[in-house]
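# Fold the following, please.
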Amino acid sequence: MRITDTADLWWKNAVVYCLDVETFMDWDGDGCGDFAGLAQRLDHLADLGVTCLWLMPFYPTAERDDGYDITDFYGVDPRLGTHGDLVEVIRTANDRGMRVIADLVVNHTSEKHPWFRSARSSKDSPYRDFYVWRADPPPDTSAQVVFPDQEDSIWQLEEKTGEWYLHKFYRQQPDLNVANPLVRDEIAKVMGFWLQLGLSGFRVDAVPFLLETAGVDEQEAAAFPDPHQYLRALRALLGRRAEAAVLLGEVNLPHEQQAEFFGGPDGGELTMQFDFIAMQAMYLSLARCDAAPLADALTARPRISPDNQWGTFVRNHDELTLDKLSEDERAEVFAAFGPEARMQVYGRGLIRRLPPMLAGDPRRIRMVYSLMFSLPGTPVLFYGEEIGMGESLAAEGRLAVRTPMQWTSGKNGGFSTAAAGRLPGPVVEGGFSPEHVNVADQRRDPDSMLAFMRLLIRRYRESPELGWGNFEVLDQPHPQVFAHLSSWDDGALVALHNLGAEPCTVPLTLAGCGSTHRLEDLLVACSTPLTEDGSVELTLEGYGYRWLRVVAEDSRRLV
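Residues are numbered from 1 along each chain as shown. This is a model prediction of the structure:
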């Protein structure tokens, strides 16, 4: 591999930033964020070092599921702006070195989508088979619902026709029938439309649900025997329509099943997937101050194509799911980071952001983000993480982390000039309120969280071995320390992270290195020589972290 290859497979060492236009920046003062506001804040994201924007749904919506219940796949919610405003954002972002991807939510529609309005009105509707119906009363499916606090079945009776329709999510979100070739054609047209407007790909929502044919008529399902072949077709379409575009998939399954959605070791399906397993193991490691769960999760990743990539993250827009942990392990994480019932949701996750979970301890917060950026994969940030935003437990469920972005210490955190009652959600209060946590103040503070995140992103982008290289957990005697080596081409980087509060000295031996090598610390100005046999002792403070580039005597690489 050559350094120039990183421009072709750009997603392998990108920095992805997820935001909801509705809660990011309101420019016209109506209380709702908009594309005009986002355009005004693109320079903040460029200065941070973001290379790819992920836009949460901006389509017309019935607002039952925070934009994920879509009424028009080809539209832009008029509260946010127009197609023209979106294109202006894409062009301006591209000028600042950022690609733009958007949520592709085609597992279901809103019940108010014209397709479903027609489908529910008559069994003879041309859109009837766009959805999944059953004539006989369904069995108990309460164990299959995604939102157990809201639904007790995945089937809902439609009184007018006397049949039940399938909905894995809310009843207001009827599932599309992907076994119907007309539905598959529509999904392809939706993708083609947005690619034509300049998107560089999609974050694909609920991929396993999209490909599932349970409940579909047996004869129709038989005509669609291999859903993964359809996923391959979508990836091929993407490649034909847009240069170097990506499909970033939400696939919260065990690693071996995730491998299937990549297309196996040869790829050809999803370009990237979030590593939910490693994320959950990381929180278990943090709760225990023991690196073993995270190390086990990372080393158990299946082999994937060199063209594919894992997405690493600390937080996302949904609940912080812990569903792949055992009941006892989940209880450990709950006890450490969300002991109150109001902090938990669905019995499986947390509705908190990292800084409040860690009681605002700046050492520990920075250590976790340093760890995330150093892991093999592509880091994905959720808006506000760069300044250490908190959550609002006054908001319902997953909305606790979808609060207005905090730009200044002024009214509504500088998000909007409208009255507080017109905002899309409450502004965070208490120790993480805009008075204490905002972009404007941190831009002027060289020791701020924002300055630290800028440094991490710059060092990550300068270290392609983190996204491209081989990964190895290094032997050392401290269970609370996660030490690993990433190597690629002629580059190698050692990262050390102390998950515990006590300082320690970490002995390491680096194979193939000797006294002609040294370790250059990338986060502070420090150089450490290696001995003849490649050994070294490195100090770590409590919750300390170090990124160390292995530099040979004759290296021409800038450090």
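
# Format the CA atom coordinates belonging to the helix or strand of the chain with the lowest mean pLDDT as PDB.
Lowest by mean pLDDT, DSSP states H and E among the helices and strands of the chain is helix 218-222, with a mean of 83. Extracted in PDB, the C-alpha atoms of helix 218-222 (Å, rounded to 0.1, in the frame of the first residue of the first chain):
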ATOM      1  CA  GLU A 218     -44.200 -17.700   0.900                       C
ATOM      2  CA  GLN A 219     -44.400 -17.600  -2.900                       C
ATOM      3  CA  GLU A 220     -43.200 -14.000  -3.000                       C
ATOM      4  CA  ALA A 221     -40.400 -14.700  -0.600                       C
ATOM      5  CA  ALA A 222     -39.300 -17.700  -2.700                       C
END
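
# Residues in contact with that helix: which ones?
The contact list for helix 218-222 (C-beta atoms under 8 Å, 6 or more residues apart in numbering) reads 129, 177, 179-180, 213. Yep, even glycine has a C-beta here, placed from its N, CA and C like the rest.

# If you average the pLDDT over the very next helix or strand once past it, what comes out?
Going down the chain from helix 218-222, the next helix or strand is helix 227-241, by DSSP states H and E. Averaged over helix 227-241, pLDDT sits at 96.

# Can you name the residues in contact with the helix or strand that comes right after helix 227-241?
For helix 227-241, the following helix or strand on the C-terminal side (DSSP H and E) is strand 246-249. Contacts to strand 246-249, defined as C-beta under 8 Å, 6+ apart, come from residues 11, 16, 54, 101, 200-204, 207, 234-235, 238, 261, 269-274, 311.

# got the CA coordinates for strand 246-249 in PDB?
Written as PDB, here are the backbone C-alpha positions of strand 246-249 (Å, rounded to 0.1, in the frame of the first residue of the first chain):
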ATOM      1  CA  VAL A 246     -20.100   4.400   0.600                       C
ATOM      2  CA  LEU A 247     -22.700   2.400   2.400                       C
ATOM      3  CA  LEU A 248     -22.200   2.700   6.100                       C
ATOM      4  CA  GLY A 249     -24.500   0.100   7.700                       C
END
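
# in the stretch 1-150 of the chain, which segments are predicted with low confidence?
1 (pLDDT under 70).

# all helices of it, in order?
Using DSSP state H, counting those that start in this stretch, the helices assigned to the stretch 1-150 of the chain run over residues 5-8, 21-24, 35-40, 42-48, 83-95, 114-121.

# Not counting residues beside it along the chain, what's closest to Leu456?
Using C-beta to C-beta, 6 or more residues apart in numbering and skipping the chain neighbours, the partner closest in space to Leu456 is Phe373 (4.8 Å).

# how far away is that neighbour from Met343?
26 Å (C-beta to C-beta, to the nearest Å).

# again with Tyr283
Counting by C-beta to C-beta, the gap from Tyr283 to Met343 is 13 Å.

# Which neighbours do these two have in common?
Common contacts of Tyr283 and Met343 (C-beta under 8 Å, 6+ apart): Phe337.

# Between Phe373 and Met343, which has more neighbouring residues?
A direct count of neighbours by other C-beta atoms under 10 Å for Phe373 and Met343 places Phe373 higher, at 25 against 19.

# Surely that one is within a helix?
Yes: Phe373: assigned to a helix according to DSSP: H, G, I helix; E, B strand; the rest coil.

# Could you pull out the helices in the stretch 151-300 of the chain for me?
Remark: helices assigned in the stretch 151-300 of the chain by DSSP H, counting those that start in this stretch are 181-196, 207-211, 218-222, 227-241, 255-262, 276-288, 292-299.

# I'd like these laid out as JSON lines, including distance to Thr161 and mean neighbour count.
Below are the helices of the stretch 151-300 of the chain laid out as JSON lines (distance: least, C-beta to C-beta, whole Å; neighbours: other C-beta atoms under 10 Å):
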{"stretch": "helix 181-196", "distance to Thr161": "19", "mean neighbour count": "16"}
{"stretch": "helix 207-211", "distance to Thr161": "24", "mean neighbour count": "21"}
{"stretch": "helix 218-222", "distance to Thr161": "18", "mean neighbour count": "11"}
{"stretch": "helix 227-241", "distance to Thr161": "27", "mean neighbour count": "16"}
{"stretch": "helix 255-262", "distance to Thr161": "35", "mean neighbour count": "18"}
{"stretch": "helix 276-288", "distance to Thr161": "38", "mean neighbour count": "23"}
{"stretch": "helix 292-299", "distance to Thr161": "47", "mean neighbour count": "18"}
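
# Among those helices, show the one with the smallest mean pLDDT.
helix 218-222 (a mean of 83).

# Off-centre distance for stretch 157-165?
Computed by C-alpha atoms, centre = their mean, to the nearest Å, the chain-centroid distance of stretch 157-165 equals 36 Å.
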